[in-house]
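Enquirer: sharing a model prediction with you, sequence too.
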There are 2 protein chains.
Amino acid sequence: MFQAGTIDSAAVAAVQEERVDWRFRSVAPSLSGLTIGEAAARGAKLFEDGFLGPFVVLDEEAVEHNLRTMAAWCAERGVALAPHGKTTMAPQLFERQLQHGSWGITCANAGHLRIYRAFGVSRILLANQLLDPSGLKWLAAELDADDDFEFVCWVDSVRGVELMTEALRGARRKVDVLVELGAEGGRTGVRDTETALAVAEAAHASPALRLRGSGGYEGALSHHTDEKSLQLISSYVDGLRELVFAFHAKGLLDDAGQIIVTGGGSAYFDRVADELTKDWGGLDVLPILRSGAYVTHDDGFYRVISPLGEHPRIGGVASFRSALRAWAQVTSKPTDELALLTIGKRDASFDEGMPEPRLIRKGDGPPSALEGHSIQKMNDQHAFLTLPASSPVEVGDWVALGLSHPCTVFDKWPLIPVVGPDGETVLDFVRTHF
Amino acid sequence: MFQAGTIDSAAVAAVQEERVDWRFRSVAPSLSGLTIGEAAARGAKLFEDGFLGPFVVLDEEAVEHNLRTMAAWCAERGVALAPHGKTTMAPQLFERQLQHGSWGITCANAGHLRIYRAFGVSRILLANQLLDPSGLKWLAAELDADDDFEFVCWVDSVRGVELMTEALRGARRKVDVLVELGAEGGRTGVRDTETALAVAEAAHASPALRLRGSGGYEGALSHHTDEKSLQLISSYVDGLRELVFAFHAKGLLDDAGQIIVTGGGSAYFDRVADELTKDWGGLDVLPILRSGAYVTHDDGFYRVISPLGEHPRIGGVASFRSALRAWAQVTSKPTDELALLTIGKRDASFDEGMPEPRLIRKGDGPPSALEGHSIQKMNDQHAFLTLPASSPVEVGDWVALGLSHPCTVFDKWPLIPVVGPDGETVLDFVRTHF
């Protein structure tokens, strides 16, 4: 159906040459001065070797499971995947996603685009409008310098088309665009077919743009999985199909080459795939999902809502596994009902649910399950752990936390240890760029 | 009363030698390849020179005003200031705070401590328990290697004292500690005098620790400024005084040298200073405030609650000025009531109130005031701007946003342009480490 996208493997490999030091606040001081690659080769243990709390780690087996699961499912369903890289902003993970067959990587803005291109990502879907003249000029230079670079972004207004056209004056290559469909109560995107056609006509007429199809984000329309919500999602995605047919009927896709239609966050990609793989009546259409959170999944929002979460809506496929875990120490237990952990809003996500206590580690012993505890709130650098009667939690213990919404975890950590099956041995480090 | 703390000026100056590139996502591509110092010397303009949206900038005049105002007020009130560096994590700003007479810099955890010491901060108050054995061993080595390094942290349990004592075995220098006082409904800290005395006695008896006084964080007790709330704050801070007298009466401060007592976030430092500068009956006590947010102030939480905010509780002193501003472009206006800005939860704070629209910039014209608009919610990379009737907002415009809670702004930006009085000319860049 398509060739997987590529990345500059040498640039990704060069990540391993960066020096580990105090800038990476959780990494054991004993690893300072080594390169990331050398530090990874040490097989350090999180506790024995003195990583500084709080720290967040990635579970290698869970990441690999999620990569394989999503890749296999997309291949079987006949959809391309351009995972949203905003989640991790980690070129090392982009490389693995591409090695698992991803069509390209999705980004959200011009800053992302520059980072992706610094690592030579060959196909980029910018799932947003890009109207910043500086960003557009930078993009045009990048496109003109590399014929193998494929790029698509969205437009949702005639004015947006005009601004792009103006900023792109003098560019050699056209910029591929999709008309973004929105919906009442949604986010960006045209609200009706009439506007969509006007935008498509403007894009088609622009000397700087090439209309390739339609796109949108169904995740803005619901946060629930009841049948009514799922119907709403399907109906919206059906609207993306209708736009393609409408554009085609008007001859607006005659220059498109392969038509692109894209939807799909991490909550409803099953429904998106169902709609986007319906019969296209002979049109050459590439349906692209953009799910990004699947790579780590989570212990919160996506666990509940994902089609491959705790209530799977896809049969016959193993659910995703949560790959992110935070560890923090209990430093205070001022009452029998309250303990404080050294982890806060600067260290862990809090915007889609509080971290969930999962394990407790006492002294040098192995971790054991911690039931019946919850995080009540977080300050900048503290988490409030509510203790049930006869809680085993004491000052000095460490608590492992499951996290909700991976996007706002990754953006807090420039270097994240990747651990093996024992949960403690560091196999690698992932470098993020926010 | 005391000598200001110091920082390694050469290490801070070396920040200017780092290369600007794609890692700093908002910085104009045309500045790539220059050092930070060279880029600052260009006097680049945010819009003309093509900084990529969204971006957050610091207003130099506001920062300098806030630095001077707080320093002068602390000097006049007879309190030392150890501003909480967690807010900015920017050694360049630490240096300016120390140049303005700060006693030292406050941190929250071992990761912070390592970063501060990489820049040679000579006096560090860790306003938290530090029980991590790895962090304590690292601290002990740092203390033993530099007799000029002064460090104080908190203890609030006998168990914590025991864990510190064990981890610090073999250290040459003792670690200075303060007993942390908490309160019902508060965060960390002992809840009663009996426990405080037990902890103080344990610290006094520890071969690894030296008891220096008491400390706490009144900001955990209220988020309001009615008289009842302020009374609660004063009463709590009075408790810090009472602990010092109680420890002294038992001879537990005989080795303390100058006694330290510290309170004071950015919301109630007026009340804290009032209490901590009362007559100490001949004891040699250094009262230390730790306010950190004052350096940028804000357009939200601190504007409302600060003693030098929009409803000042301190007379005869100019209020702080908000020094942080975000700029984002309007990329979509799908209905007459809604526009979307290219800025989200990864770019701006959202935990203590949404960003506030302040200015609009159309084309190349100067910005003008934008009244009656508000941000309704934020996604990872989008802000939902609610438009009043006859809003001037169009696709392509840029909107300047005031921000609430500086701590969760700084942690999203590794390099922040500092702008001059015109709001557009870049005078410098501030490098943060999160």
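Expert: In hand now; what should we look at?
Enquirer: quick check: the gap between residue A:66 and residue A:323.
Expert: Relative to residue A:323, residue A:66 is positioned 7 Å away (Cβ to Cβ, to the nearest Å). Just so you know, the C-beta spots here come from the backbone N, C-alpha and C atoms, and that holds for glycine as well.
Enquirer: oops, could you answer that again for residue A:153 instead?
Expert: For residue A:153, the distance to residue A:323 - Cβ to Cβ - is 29 Å.
Enquirer: who does the longest strand belonging to chain A pair up with?
Expert: Secondary structure of chain A per DSSP state E: the longest strand is strand A:324-335. Using DSSP bridges, the strands paired with strand A:324-335 are strand A:55-59 (antiparallel), strand A:338-341 (antiparallel), strand A:398-402 (antiparallel).
Enquirer: buried residues, that strand. List them.
Expert: Of all the residues in strand A:324-335, those buried under the rule 16 or more other Cβ atoms under 10 Å in any protein chain shown are A:324, A:325, A:326, A:327, A:328, A:329, A:330, A:331, A:332, A:333, A:334.
Enquirer: also stretch A:75-85?
Expert: A:77, A:79, A:80, A:81, A:82, A:83, A:84, A:85.
Enquirer: for stretch A:61-75, same thing?
Expert: Residues of stretch A:61-75 classed as buried by neighbour count (16+ other Cβ under 10 Å): A:62, A:63, A:65, A:66, A:67, A:69, A:70, A:71, A:73, A:74.
Enquirer: got JSON lines for these, with secondary structure, distance to residue A:238 and pLDDT too?
Expert: JSON lines is the format used below for the buried residues of stretch A:61-75 (DSSP: H, G, I helix; E, B strand; the rest coil; distance: Cβ to Cβ, whole Å; pLDDT from 0 to 100):
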{"residue": "A:62", "secondary structure": "helix", "distance to residue A:238": "34", "pLDDT": "98"}
{"residue": "A:63", "secondary structure": "helix", "distance to residue A:238": "33", "pLDDT": "98"}
{"residue": "A:65", "secondary structure": "helix", "distance to residue A:238": "32", "pLDDT": "98"}
{"residue": "A:66", "secondary structure": "helix", "distance to residue A:238": "28", "pLDDT": "98"}
{"residue": "A:67", "secondary structure": "helix", "distance to residue A:238": "30", "pLDDT": "98"}
{"residue": "A:69", "secondary structure": "helix", "distance to residue A:238": "26", "pLDDT": "98"}
{"residue": "A:70", "secondary structure": "helix", "distance to residue A:238": "23", "pLDDT": "98"}
{"residue": "A:71", "secondary structure": "helix", "distance to residue A:238": "26", "pLDDT": "98"}
{"residue": "A:73", "secondary structure": "helix", "distance to residue A:238": "21", "pLDDT": "98"}
{"residue": "A:74", "secondary structure": "helix", "distance to residue A:238": "20", "pLDDT": "98"}
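Enquirer: can you tell me which of those residues are up against chain B?
Expert: When contact is defined as Cβ under 8 Å from any Cβ of the partner chain, those do not meet chain B at all.
Enquirer: out of these, who's nearest residue B:249?
Expert: residue A:62 (56.4 Å; Cβ to Cβ).
Enquirer: that closest one against residue A:296, yeah?
Expert: Yes - between residue A:62 and residue A:296 there is a contact at 7.3 Å, judged by Cβ atoms under 8 Å.
Enquirer: shared neighbours, these two?
Expert: The overlap between the contact sets of residue A:62 and residue A:296 (Cβ atoms under 8 Å, 6 or more residues apart in numbering or on different chains) consists of A:322, A:323.
Enquirer: how is chain A carved up into domains?
Expert: A:9-59+A:320-431, A:104-291 (automatic domain parsing).
Enquirer: pretty sure residue A:58 is touching residue A:430, no?
Expert: Yes - using Cβ under 8 Å, residue A:58 is in contact with residue A:430, at 6.1 Å.
Enquirer: these two: who's more crowded?
Expert: Neighbour count, other Cβ atoms under 10 Å in any protein chain shown: between residue A:58 and residue A:430, residue A:58 has more, with 26 against 23.
Enquirer: quick one: contacts for the more buried one?
Expert: A:296, A:323, A:324, A:416, A:417, A:418, A:419, A:430.
Enquirer: cool, residue A:225 as well?
Expert: Counting by Cβ under 8 Å, 6+ apart, residue A:225 touches A:267, A:304, A:305, A:311, A:313.
Enquirer: can you rerun that using 7 Å?
Expert: residue A:305 (Cβ atoms under 7 Å, 6 or more residues apart in numbering or on different chains).
Enquirer: helix or strand: which one has it?
Expert: Counting by DSSP states H and E, there is no helix or strand that carries residue A:225.
Enquirer: from residue A:231, how far off is it?
Expert: Remark: distance between residue A:225 and residue A:231 (Cβ to Cβ) = 11 Å.
Enquirer: same check on residue A:249?
Expert: 26 Å.
Enquirer: same question, residue A:426
Expert: Distance, residue A:426 to residue A:231, using Cβ to Cβ: 46 Å.
Enquirer: can you list the residues of the stretch 1-150 of chain A near chain B?
Expert: For the stretch 1-150 of chain A, the residues in contact with chain B (Cβ under 7 Å from any Cβ of the partner chain) are A:22-23, A:25-26, A:28-29, A:50, A:52-53, A:86, A:108-111, A:114-115, A:118, A:128-129, A:131-132, A:134-135, A:138.
Enquirer: and the helix or strand containing residue A:39, average pLDDT?
Expert: Using DSSP H and E, residue A:39 sits in helix A:36-41. The average pLDDT within helix A:36-41 is 98.
Enquirer: by contact count, what packs against that helix?
Expert: Using 3 or more Cβ pairs under 7 Å, 6 or more residues apart in numbering or on different chains; DSSP states H and E, the elements in contact with helix A:36-41 are strand A:426-431.
Enquirer: from residue A:129, how far out is the residue in the stretch 151-300 of chain A that chain B sits nearest to?
Expert: The stretch 151-300 of chain A approaches chain B most closely through residue A:188 (3.8 Å), counting by Cβ to the nearest Cβ. Per Cβ to Cβ, residue A:188 is found 7 Å from residue A:129.
Enquirer: returning to that earlier point: and the longest strand of chain A, average pLDDT?
Expert: Strand A:324-335 shows a mean pLDDT of 98.
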